[in-house]
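# When you get a sec, could you give me coordinates for this:
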Amino acid sequence: MCISKKICPVPFEQQPLNEYSSLRTSWFFAWSTLDNDKYIKKIFYIFCFSFVIFMPFALSIVSSRSFLKIMILDTSIASIILVLIFVRLYLGWSYIIKRLFSAIVFYEESGWYDGQIWIKSVESLTKDRLIGRYEVSPLIQRIQYSLIILIILISLENLLYYLLK
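Numbering: from 1, shown residues only. All right, here's what the predicted structure looks like:
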């Protein structure tokens, strides 16, 4: 995927396609590329782990020791942890898609003080936009749908928690 230095002066790790490849293979961002079954299992495992870890915190907050209130609060906390994870996933993938869709690439040669701009050629722009459209856009949509479902779930949990008071 690397473009030669004659065509693209951008350093290897700052080229949009290489940023996409490194994000796709990173341990954190790679699970958003899994097929639906594995993706849902991963979310479920993270939710269960957060649920168990934050149970003592929920026990310390609820003074009435109502089992249902403790479970609802702990579920809300675990859901909020998932929201934070999905926001991080969204930010990472949206940064990549902006770099892929943009006709102009800002890059740093050796530090923050010597930034340069490279205008993509028609071929590289077309290639980047195709990858952005057909590879990254579905991932962003999946993350957005997951976030919407989690926010609705948290809203329902909070409503149920306050109805129990």
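# tell me which element residue 95 is part of?
Element membership for residue 95 (DSSP states H and E) is helix 67-101.
# Relative to the lowest-mean-pLDDT helix or strand in the chain, what are the paired strands and their orientations?
Here the helix or strand of the chain ranked lowest by mean pLDDT, DSSP states H and E is strand 115-119, holding a mean of 86. When pairing is defined by DSSP bridges, strand 115-119 lines up against strand 104-108 (antiparallel).
# How about the contacts made by the closest residue to residue 118 other than its chain neighbours?
Nearest residue to residue 118, sequence neighbours excluded (Cβ to Cβ, 6 or more residues apart in numbering): residue 105, at 4.8 Å. (Each C-beta comes from the backbone N, C-alpha and C, glycine too.) Going by Cβ atoms under 8 Å, 6 or more residues apart in numbering, residue 105 touches 10, 14, 15, 16, 99, 117, 118, 119, 120.
# Let me know whether the second one touches residue 107 as I believe.
Yes: look at residue 14 against residue 107 with Cβ atoms under 8 Å: they come within range, at 4.5 Å.
# any idea how far the residue sitting furthest away from the middle of the chain is from residue 54?
Within the chain, residue 64 marks the point farthest from the mean C-alpha position, 36.7 Å out by Cα atoms, centre = their mean. Residue 64 sits 18 Å away from residue 54, going by Cβ to Cβ, to the nearest Å.
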